[in-house]
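*Asks:* give the three-dimensional model of this entry:
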Amino acid sequence: AIERARVDASISTLVDLTGACERVFKSPVPLVYTRHTSRFLTTFLIFLPFGLWPVMGSSWNHWTTVPACDVIAFFLLGIEEIGIQIEEPFSVLPLEAFCNGAIAATMEEMLNAKRARAFDFKAGIMSAGGEEDHTGNVKEARKTTRFPFAF
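*Replies:* Numbers count the residues shown, from 1 in each chain. I've put the predicted structure just below:
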């Protein structure tokens, strides 16, 4: 009975966590956030050369503005892309494969336990650890379960 209660508690926890993950997965990130970030970053990068041109005038020529803008744009657009990926974690992580593997392993374990008759209990066993015969005498209990682990 304790084993079944533990299994039931584990299944309840699994269902609760699965529901929480489904809620996170199904709640969309508003598209306005991504669009606003993208538009702001594009506008900033368009006007960046105009801001760097006077500053780069003290170098050997103004054309160092181009590689400086390229490097800055590369890093800022990379940060934006990372932010987009973080907004949708389930599209990046192979969680479905992890879950399918865990479900398959659990099902295999349950089938092996059923084949080994691990959950078969005899009705005549008393809680005191013995079994009554037809005369009412208590004999030593026989082991009727085959759990590979002890509780």
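*Asks:* any buried residues in the helix or strand where residue 36 lies, and which?
*Replies:* Using DSSP states H and E, residue 36 sits within helix 31-55. Neighbour-count burial for helix 31-55, counted by 16 or more other C-beta atoms under 10 Å, picks out 48-49, 52. The way it works is simple: take the backbone N, C-alpha and C, and place the C-beta from them, glycine included.
*Asks:* centre of the chain versus that helix, how much separation?
*Replies:* Centre-to-centre, helix 31-55 and its host chain are 35 Å apart (C-alpha atoms, centre = their mean, to the nearest Å).
*Asks:* stretch 78-90 too?
*Replies:* With C-alpha atoms, centre = their mean, you get 17 Å for stretch 78-90.
*Asks:* ok, back up a step: who's in contact with the following helix or strand past the helix holding residue 36?
*Replies:* Where DSSP H and E defines the elements, the next helix or strand beyond helix 31-55 is helix 65-87. With C-beta atoms under 8 Å, 6 or more residues apart in numbering as the test, helix 65-87 has contacts from 29, 33-34, 37-38, 41, 44-45, 48-49, 52-53, 56, 91-92.
*Asks:* of these, the lowest pLDDT goes to which?
*Replies:* The weakest per-residue confidence within these falls on residue 92 (60).
*Asks:* for this structure, give me the ranges with low pLDDT.
*Replies:* 89-93, 95, 119-151 (pLDDT under 70).
*Asks:* from residue 16, how far off is residue 9?
*Replies:* 11 Å (C-beta to C-beta, to the nearest Å).
*Asks:* I should have written residue 35 there, sorry.
*Replies:* 34 Å.
*Asks:* next, the angle from the helix holding residue 36 to helix 65-87.
*Replies:* Angle of helix 31-55 versus helix 65-87, following axes from the mean of the first three to the mean of the last three C-alpha atoms, to 10 degrees, is 160 degrees.
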